[in-house]
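J.: Provided below for reference: sequence and predicted model.
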Amino acid sequence: SLDQSVIVRVAAIICDAPARSFVKQIKKVNAYQGCERCDIIGVFIDKVIYVGDGHRARKDDAFNLPLDGEHRVGVSPFAAYPLHLVYLGEVKKLIGMWFRNRRSKTSGLVYPPVLTTSTVEEVSRRLLSLNAYLPAEFSQRGRILQEYDSWKGAEFRQFILYLGIVIRKDTLPSSHWKNFLLLFTAVRYLSCPHLCVSNIGFAKQLLRLFVRKFQVLYGKEQMVYNVHSIMHIADDVQRYGPLDSFSSFPFESYLSKFRKMLQLYIRWIGVA
């Protein structure tokens, strides 16, 4: 009835990093004080990077103070969600650096890929061979590594949680493999409803160590916003629950439905 009261509670607002900076009225992710979780100040090496860990966390009380102009740029009425930060962010970045050349715009040096061409082909073969064993619950079938630019977020999620640990052990150099294991273990813990809370401290340690080793292995120039921010994802798990509980996958899944609806409408307009 019209006189019935309905209580609605907002658990989280799901936005990617650029949208969060707009909604929260803070500096963008490529700014020197662009991190929304700690007071780290970036440095410019071809692009703004964030080096180090253990910086002072930003507190809620700071948002009640007058605007500082350094981090906060306006008055805002969120959670760092894993789709773009972890899967389309860190995991995609790792895969790209494994088999593509990287050129430093500051020094001009070209860094060779971690994997050889033959190794990339072997990894791709293993990915395709696993398709025969993937259960129906997996929404995506594996594709070759060379097509990673067109992988969907669900494919990167499957890679870090399930497939990568199977196909990578004897293909990556030992140091890079151990670094990948740090990320894999942390994401597995943070994704498990039964383990994420009791292991939150351990996951934080793993992510901090992953970021430190990442800088050593891939260079200071690669310490961009996503790499730094992944250290803070455990804080959101502590507040909201496992990664999937505040993921944007349910919303992203509807994009294809909207696309089909628009295509049908366009066809109908054309016929009309």
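T.: It's in. Nothing here was measured: the structure is a model prediction, and the numbers come from that model.
J.: Please make it C-alpha for all contacts and neighbour counts, starting now.
T.: Will do.
J.: Now do the contacts for Ser139.
T.: By Cα atoms under 8 Å, 6 or more residues apart in numbering, Ser139 lies in contact with Ala154.
J.: How much space separates it from Cys192?
T.: Distance of Ser139 to Cys192, given as Cα to Cα, to the nearest Å: 19 Å.
J.: What of Tyr50?
T.: 29 Å.
J.: Give me the more crowded residue out of those two.
T.: Neighbour totals were compared for Tyr50 and Cys192, and Tyr50 leads with 26 against 14 (other Cα atoms under 10 Å).
J.: low-scoring stretches of the stretch 101-250 of the chain, by residue?
T.: Scanning the stretch 101-250 of the chain for pLDDT under 70 picks out the ranges 105-107, 168, 248-250.
J.: ok, Val114 touching Leu94?
T.: No. Counting by Cα atoms under 8 Å, Val114 stays clear of Leu94, with 10.1 Å between them.
J.: Which of the two has more residues huddled nearby?
T.: Neighbours were counted for Val114 and for Leu94 using other Cα under 10 Å; Val114 has more, 21 against 14.
J.: Go ahead and report the secondary structure state at the more buried one.
T.: Applying DSSP: H, G, I helix; E, B strand; the rest coil to Val114 yields a three-state assignment of coil.
J.: Grab the nearest non-local neighbour of it.
T.: In space, and not counting its chain neighbours, Val114 is closest to Trp98: 4.6 Å by Cα to Cα, 6 or more residues apart in numbering.
J.: what about Phe210, how many neighbours?
T.: The tally of other residues near Phe210 (other Cα under 10 Å) stands at 22.
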